[in-house]
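Need coordinates for the following:
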Amino acid sequence: MTHPTAARDDAAPPPRRRLTTALLAVIAVGLLVAGGGLAVGLGIGRTETPAADSVDAGFARDMSRHHLQAVEMANLTLQRTQDAEVRRLAFDISATQTNQVGRMQGWLSLWGLPPSGSKVMAWMSADADSMPDAAAAADGAVMPGMATEAELAELRSLSGTELDVRFLKLMMRHHQGGLEMAQYGHAHATQPAVRTLARSIAETQAAETATMEDMLRARGAAPLPAP
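Residues are numbered from 1 along each chain as shown. All right, here's what the predicted structure looks like:
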């Protein structure tokens, strides 16, 4: 005989999934709060608020978007890889860049600015009209180094060593593509905390790029062409 509550139990999400969803929501809110709190602690908000078209705001918006794709690729690989070295790298990238996105989005909220814009990387060019429209890149690669939708779909379809190698290739190119943004942000941002974060991103991703190149060689593979 079917238990009268079976249908309700089947319809309800597993407790672990509900807990995971709740924890992710708490973490996301916490990161935004931490970003704003850190910003205040470092003096952001006490000086002149950056404009929407400033280097500070543009860096925070575009690097957040760039980071979020890296987090997506890292989390996908983290769940499926059997390679301990790849798992450690994916975890480090996911944790570090999720934290950094929280900080950058916290700054934008503190400055009263939208979290995204239509013209990507316009803050790096005097001619904003020459920059690509974020909505125009149907393949998903709206900034240098970013994976296309087809490449992400391929990554999701792989397993084993093929997954590990493809992840390393895509993430290495992704890091290379974000390096110029980080270097420009460090050189031209007006807020000290933004310059500090940009320098940290540049240094960390340069080191991780070298690590991934070594990991690819150890697995008999070569990097993708740099963006």
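
Got the confidence number for the residue nearest to T209 when sequence neighbours are not counted?
Leaving out its chain neighbours, the residue that sits closest to T209 by CB to CB, 6 or more residues apart in numbering is H175, at 4.7 Å. The C-beta positions use only the backbone N, C-alpha and C, and glycine is treated the same way. pLDDT for H175: 98.

Can you report how many residues lie near L224?
When counting by other CB atoms under 10 Å, one arrives at 17 neighbours for L224.

quick one, what contacts A226?
173, 176 (CB atoms under 8 Å, 6 or more residues apart in numbering).

Need the pLDDT of it.
For A226, the pLDDT comes out at 94.

Was I right to think the residue nearest to T209 contacts T211?
No. In this structure, H175 is not within contact of T211 by CB atoms under 8 Å, at 9.9 Å.

what about the two, which has more around it?
H175 (25 against 16).

can I assume the more buried one sits in a helix?
Yes. Per DSSP: H, G, I helix; E, B strand; the rest coil, H175 lies within a helix segment.

circling back: what about the residue nearest to T209, distance to G106?
Distance of H175 to G106, computed by CB to CB, to the nearest Å: 23 Å.

before we move on, the earlier item: what about the residue nearest to T209, distance to L108?
H175 sits 23 Å away from L108, going by CB to CB.

And for S116?
Computed as CB to CB, the S116 to L108 distance reads 9 Å.

go on, I93?
Per CB to CB, I93 is found 22 Å from L108.

Which one's more surrounded, the two?
Using other CB under 10 Å as the criterion, I93 and L108 rank with I93 on top: 26 against 23.

From Q176, how far off is the closest residue to that one other than its chain neighbours?
Nearest residue to I93, sequence neighbours excluded (CB to CB, 6+ apart): A74, at 4.3 Å. To Q176, A74 is 16 Å away according to CB to CB.

what about these two, which has more around it?
Each of A74 and Q176 has its neighbours counted (other CB under 10 Å); A74 has more, 25 against 20.

Helix, strand, or coil at the more buried one?
Per three-state DSSP, A74 ends up helix.

if we can go back for a sec, need the residues touching each of S116 and L108.
R61.

Would you agree the residue nearest to I93 is in contact with A90?
Yes. At 4.3 Å, A74 counts as touching A90 under the criterion of CB under 8 Å.

Overlap of the contact sets of the two?
Listed as contacting both A74 and A90 by CB under 8 Å, 6+ apart are F167.

Sketch out the helices for the protein, chain order is fine.
Per DSSP state H, the chain carries helices over the ranges 6-11, 15-41, 55-80, 84-110, 149-157, 160-188, 192-218.

Where does pLDDT dip in the protein?
Judged by pLDDT under 70, the chain has its weakly predicted residues at 1-47, 118, 126-138, 140.

ok, now with 50
Counting by pLDDT under 50, the chain contains low-confidence ranges at 1-13, 15-23, 25-27, 29, 33, 39-43, 45, 127-130, 135-136.

ok, back up a step: do you know which of the helices of the chain lies nearest W123?
W123 sits nearest to helix 55-80 of all the helices of the chain, at 2.6 Å, using CB to CB.

thinking again about what came up before, compare the helices of the chain and give me the one nearest L224.
The minimum distance between L224 and these falls on helix 160-188, with 4.7 Å, by CB to CB.
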